[in-house]
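Engineer: what follows is a protein structure lacking sequence information:
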């Protein structure tokens, strides 16, 4: 197969699935529509995943499509996880009221997935911007999908406004980059940004704003809590995982490929942002009463942790970030999935609504325990390995103060994650008759959550294969 | 049989523990079986120690029947036991008194199993101290003996009586006495523990014989940043205080009246009969050999304390209205003589007078063991019948209980030091030896003064003994005990059997003490010349 | 390739936990039996390992297993025991076994309880046998979070949430500081030798500079020592002890605190020996405070569990003290004390738990006369008390004596001060025994004190037997620990 085709093979497959969904949707009866849509999308995406793994593994990094796209391991690894995340999200969509039986939702999801895949493989500024927009716009709509829910509308709208603004700033930054370097190819840019001067710092800053929004880095995070809270829970799930991962991939590519020489500056800026994110994320999370908002702030903090690996700037740092993101995608998806499963039955996302959950749904509670412990960085779960790797990279690079900040923040994180689990396990419902109020979990949710939980445990115990993937991804950058 | 003869000492030492374990498995509702098993089992170590006595070669230097096994190799401590004349005497005393005490305890009805087990554990604890040839083992057995005695006093002690503590809290007398006994002794042993640790670190061994040699000769240089002699002086006092507490020496004796008084009869017998001797033994086995220089230097202090014990003990005894407390203070008084003999010997190590004093001291240990055990038992006999120990409530009981009266007078005379009975021999030897030391080289020194004062104390010994006897047996008959339900019953066969061996030995040792003095004498010569 | 005993010991509890989680919550008895079988299994295996190490003393690690786990970073699954860790493995097996027996009566979700307890046990085993620094942390952290759940859910209602959170945060914070120290070691070694490895045996030979060791010893050692209860970071321990359910207290004081001390030894002292020598004075001083202050505070407590909690602070201070002397006797004593105190405190908590379950109070003034209806508990408590005050004939003396010998080599004055704690301990422990077990039983308890079950008796007998055996025959453990100590002294440069 020609190189160009191989480079975007997954995207093509996803497009095919989208077309299938579009075509088949009118033929299905209402009752079976959501099941068919969901399984088609999820199954299709899984098939894409398998096919890509079999056929589409890159070897040496090469540019394709006239330099628009880079076919390398970094893109490949991220693409696989983005597709995986989408498949899981499709499963989650199935049982959400108003979302599950609307083909548009699945189409938007697929469109966003294509966008994210393109994002992580962009090697050109124009391609990059296009891909980002391809991702964002469907996401804006998905966030505001629940038309009769005011919060959802607010979520979508806020996301749109913020996104549009930061998109503009990002585009401005990109145009300045083009202006100064005369090229839109990432690889060709590095020779132009070799020294420190106010212009390059300013340009960098603009880019950081745009990307920072995407990965909900403080102080560009203000959209996240409201959006996560208002959007349908599976949408929040994919926003906080795949979208963030894609954004970080872009960040890594930009800063390692395009601006490697100006290490000291951007490292410091990113370190400060990481600190802000970790601190604000964790501290404000302490005060939250809504679980989705808590997770929103927690994702802000996690963006900070991941960024520490980027700050380290060494090989181990990038490997650590990739590993961190793999574990984080699995974990956060699980967390949001569980919230969706719970919210579906109880109709509430307040933390205190979870009182006594362990008696109502013991296995769901266990899955929640696994996810939350992974988020707080406890073994034997992926979150632990990710955190250790990220901090190890920072120690190796000598960023001791950043590591101390990270550690202290981790401890704060442990506090609120465990507090939530305390409500789940220790506290009782009103009336203490949990037996009478079980939480049934539908099959797609069960499958998805089980897969994710196994994934979290695998990334936490048998971590060599995943680390191998991260290494391949990282090394492909330094070519 | 062969096993026993090659492991004689460990058999004697651990047989009581084995017996206690057997008793543990006996049914609790068969007190008779428990009592008899305990009694018969306690006769075995006695028989073995008699046999040991016959096999012992008094003229041979060093320790005999030695056994050594690995124990705590990591810090160079081994399980090392052996006897010489000194320890053999004490072993005999212990194994003799234990069966008698158990026989005396046949009237205990509550928790008999636990009582007998504790008693047997106690016997092992005491024997261990006398047989130990390793300093760490010595300390282990020294401390371990405290636990059974604590519980014996606490659980089976006199039920009546209360003491008020600080803060107005009231505790029963036996709780007070047992805790005081335990904490006092442990606190006193603390110095001993620290000194032992220091020795172990210094010489990388705990073997008594090696340490005696090395430590007594270690006189030059600095240690722990201080002059060796300073360190030795401090550790001398650490050892001394620990043992002085046990003897007990004035002013460390205050635990004794409470403990002896509140303990059950048999407990007091063993306390006074054997446990006090542990302290004196410690002086003879450890303090004098380890610190010959310091002992000589501080001999005056020791003699002073001994004399105070004799005098104050006698005065205190005289002032008591509680019969048992009177006997308790008499122990202070009699053990004072032991320490006087030791002090005299310390002052003049190697001289003939010193040896005489030592002979007296060791014999006094044995003698007092017999007479104190006897006296406490007799107090217990009368207490069991009258449920009071108040001397003023007795009076003129002789015609009611003539046999008891006779035995009481006999034993009291032994305690008093009547010539012809054992007390006289040992006290005479002590005074003779101390006086001799006091007149060393033709010049009078302080030892003579102390001895003179001690003899005054002897006078008061007589006073309090006679007072006790008079108040109980003589004078107008207290009608209360003569009729009705309070009518005094005579001493019974079992009780006579308890006293008989003691009385026989008291008499024999009073008339013909050679068989024991010879062994003691040879041992003292070998140790301290 | 020999039989992978250590891996089985470490992973069996995890497997058991998963099995139990898959059982129905109503099948309570099946769950308990499963837990007990797994505990017996691990106890037998750890006993066998102990026996083998005892029969074949060696300065090298035994039962070594090494599986490459992440070769790129030099992380491997590397297990092995030496003279110091074999007793601790046995201790964990014993405490696990007796803990399960004591928890037989837990009726609120026993499935989750035993599953979390076994996660804890597996983590603890893992730390004791780990020869890979990464894995040591991995298992160490696994041992931290189940404590939160166990205390918060099944603990004493009054303080459980507070105590559980305080404990978890303290321990987690401590461990991450040590983690940073460990990472620094790995990377400096990488810079020096070009080989990135987490293998502790390799790192022992790394030869870090004096300056490096000076800076990094304290965070690394203290991070773990926090779990060992060192002053002034001991605060979490008494509250944690009191709030936890009985078996968890047994684990906490009996094993977990040893985990901290042991890890401090392995990672702090053995990998940074020069740093240890430079900072020993500080550790010594803090440990002295532990020993004396802990005893004083224990004396004034009214709640029995607080008495034991603070007494643990004092006794663990002796362990730290032994380590800080950096002498053969001191470290030997510390090693023995870890075992002895572990068993003793497990017994204490078991006994207190049994009293509390029946009397529903732990306030000493409110108790009394418990020995009549609960003779086994009373005798067990008495034996524990004797061990606690270092009475010869029991394991406490065998452990404390060498520690004091070590202290003498540093400072005679310190030895005298520390020995004060012995007297104070004797006083308060005897008082507690007397007030709670002897004397008059308050009227409200009459007929409410049910006898203990045969399972409880087995637990008490097991624990007492360990203490008595070790006290009478120190040769059962001292030679083994000595070989471990030789190894450590070698690293310290034959100090």
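Structural biologist: Alright, I've got the coordinates. Predicted model, so just to flag it, every value in this text is computed and none were measured.
Engineer: help me confirm that residue B:327 is found in a strand?
Structural biologist: No - judged by DSSP: H, G, I helix; E, B strand; the rest coil, residue B:327 forms no part of a strand; its state is helix.
Engineer: skipping adjacent residues, who's closest to it in space?
Structural biologist: Excluding the flanking residues, the one nearest residue B:327 by Cβ to Cβ, 6 or more residues apart in numbering or on different chains is residue B:375, at 4.7 Å. Where you see a C-beta, it was placed from the backbone N, CA and C, and this is true even at glycine.
Engineer: so what pLDDT did that neighbour get?
Structural biologist: Residue B:375 is assigned a pLDDT of 93 by the prediction.
Engineer: do residue C:318 as well
Structural biologist: With respect to pLDDT, residue C:318 scores 93.
Engineer: what secondary structure does it sit in?
Structural biologist: helix.
Engineer: near the residue nearest to residue B:327, how many other residues are there?
Structural biologist: Around residue B:375 there are 30 other residues, counting by other Cβ atoms under 10 Å in any protein chain shown.
Engineer: what's the spacing between it and residue B:326?
Structural biologist: 9 Å (Cβ to Cβ, to the nearest Å).
Engineer: again with residue A:212
Structural biologist: Counting by Cβ to Cβ, the gap from residue A:212 to residue B:326 is 95 Å.
Engineer: ok, residue C:458 next?
Structural biologist: Note on residue C:458: its distance to residue B:326, by Cβ to Cβ, is 51 Å.
Engineer: would you mind telling me which of those two has the busier surroundings?
Structural biologist: residue B:326 (25 against 14).
Engineer: what's near enough to touch the residue in the stretch 251-400 of chain A that chain B sits nearest to?
Structural biologist: The stretch 251-400 of chain A approaches chain B most closely through residue A:379 (36.7 Å), counting by Cβ to the nearest Cβ. Contacts here follow Cβ atoms under 8 Å, 6 or more residues apart in numbering or on different chains; on that basis residue A:379 touches A:385, A:460, C:138, C:139, C:141, C:142.
Engineer: can you list the buried residues in the helix or strand residue B:312 falls within?
Structural biologist: Using DSSP states H and E, residue B:312 sits within helix B:292-318. Residues B:292, B:294-295, B:298-300, B:302-314, B:316-318 are the ones in helix B:292-318 that count as buried (16 or more other Cβ atoms under 10 Å in any protein chain shown).
Engineer: and for stretch B:149-160?
Structural biologist: B:149, B:150, B:151, B:152, B:153, B:154, B:155, B:156, B:157, B:158.
Engineer: which members of those residues additionally contact chain C?
Structural biologist: Among these, the residues lying close to chain C (Cβ under 8 Å from any Cβ of the partner chain) are B:154, B:155.
Engineer: the helices in the stretch 51-200 of chain C, which residues?
Structural biologist: C:85-102, C:110-129, C:133-142, C:145-154, C:160-193, C:200-204 (DSSP state H, counting those that start in this stretch).
Engineer: before we move on, the earlier item: possible to save the buried residues of stretch B:149-160 as JSON lines with distance to residue B:9, pLDDT and secondary structure?
Structural biologist: Formatted as JSON lines, these follow (distance: Cβ to Cβ, whole Å; pLDDT from 0 to 100; DSSP: H, G, I helix; E, B strand; the rest coil):
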{"residue": "B:149", "distance to residue B:9": "23", "pLDDT": "92", "secondary structure": "helix"}
{"residue": "B:150", "distance to residue B:9": "27", "pLDDT": "90", "secondary structure": "helix"}
{"residue": "B:151", "distance to residue B:9": "27", "pLDDT": "90", "secondary structure": "helix"}
{"residue": "B:152", "distance to residue B:9": "25", "pLDDT": "92", "secondary structure": "helix"}
{"residue": "B:153", "distance to residue B:9": "29", "pLDDT": "91", "secondary structure": "helix"}
{"residue": "B:154", "distance to residue B:9": "31", "pLDDT": "87", "secondary structure": "helix"}
{"residue": "B:155", "distance to residue B:9": "31", "pLDDT": "87", "secondary structure": "helix"}
{"residue": "B:156", "distance to residue B:9": "30", "pLDDT": "90", "secondary structure": "helix"}
{"residue": "B:157", "distance to residue B:9": "32", "pLDDT": "87", "secondary structure": "coil"}
{"residue": "B:158", "distance to residue B:9": "36", "pLDDT": "83", "secondary structure": "coil"}
